[in-house]
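S.K.: sequence plus predicted model, see below.
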Amino acid sequence: VDSGFPRSPRGAVKIARALVAFVTFLCFVASRSHGAYTALAAMETAITALFVLLYLLKLDKKLSWLFWPLADVFNSVVAALFLLIVCLFAIIIKTNKGTLAGGVFGLVLLVLCVVDAVLLFQKISLNGPRGRTTPAK
C-alpha cells in the first residue's frame, strides 16, 4: 500500500474527484433526474475510485502492460468533455433543485478533472529522460 499517495497533490485531487462525483451522483438520484445525468455521475465515481485503488495499491507498477498515467489523462479529458455537456444541460433545464445542485457539483467535478489531467500530464512530460539515452557520435 502506498501510504504517501493520499497525501500527495495527485492523490488529494483524485480523492476529491471521487467524493464530488459521488455527491453529484447522489444529487441526481435524489432528484430523479434524467438517466444520462445519473449514469455519467455513477460511471465517473466508479472509474475514479478504481484509479484511486490502482495507485493506492501500486497496481500500476505491477500491471505494466498499460501506461496508466496516460490512460488516466485520457479518462480525465473525456470525463471533462462529457461533464461539460451534461452538467450545462442539467443547469439550463433544472427540472428541480436537485438537478440544479447536481449540475453545479458536476461543474466543480469538471474543474477537478482538468486539474487532475494537468497534474498527470506534468508527471508524464517531466519525469524521465527525453530523447536519446545514448550519446550522439
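M.R.: Great, that's in hand. Numbers count the residues shown, from 1 in each chain.
S.K.: please look at Phe51 and Phe74 and confirm they touch.
M.R.: No - judged on C-beta atoms under 8 Å, Phe51 makes no contact with Phe74 at a distance of 11.4 Å. Quick note: C-beta positions are derived from backbone N, CA and C, even for glycine.
S.K.: more crowded one of the two?
M.R.: Neighbours per residue, other C-beta atoms under 10 Å: of Phe51 and Phe74, the larger number sits with Phe51, 21 against 12.
S.K.: what helix or strand is that one located in?
M.R.: helix 35-56 (DSSP states H and E).
S.K.: buried residues in that helix?
M.R.: Within helix 35-56, the residues scored as buried using 16 or more other C-beta atoms under 10 Å are 37-38, 40-42, 44-45, 47-49, 51-52, 54-56.
S.K.: same question, stretch 23-35
M.R.: Residues 23-28, 31, 33 are the ones in stretch 23-35 that count as buried (16+ other C-beta under 10 Å).
S.K.: can you give the distance of that stretch from its chain's centre?
M.R.: A distance of 18 Å separates the centroid of the chain from that of stretch 23-35, by C-alpha atoms, centre = their mean, to the nearest Å.
S.K.: same thing with stretch 51-63?
M.R.: 15 Å.
S.K.: end-to-end on that stretch?
M.R.: One end of stretch 51-63 to the other measures 13 Å (C-alpha to C-alpha, to the nearest Å).
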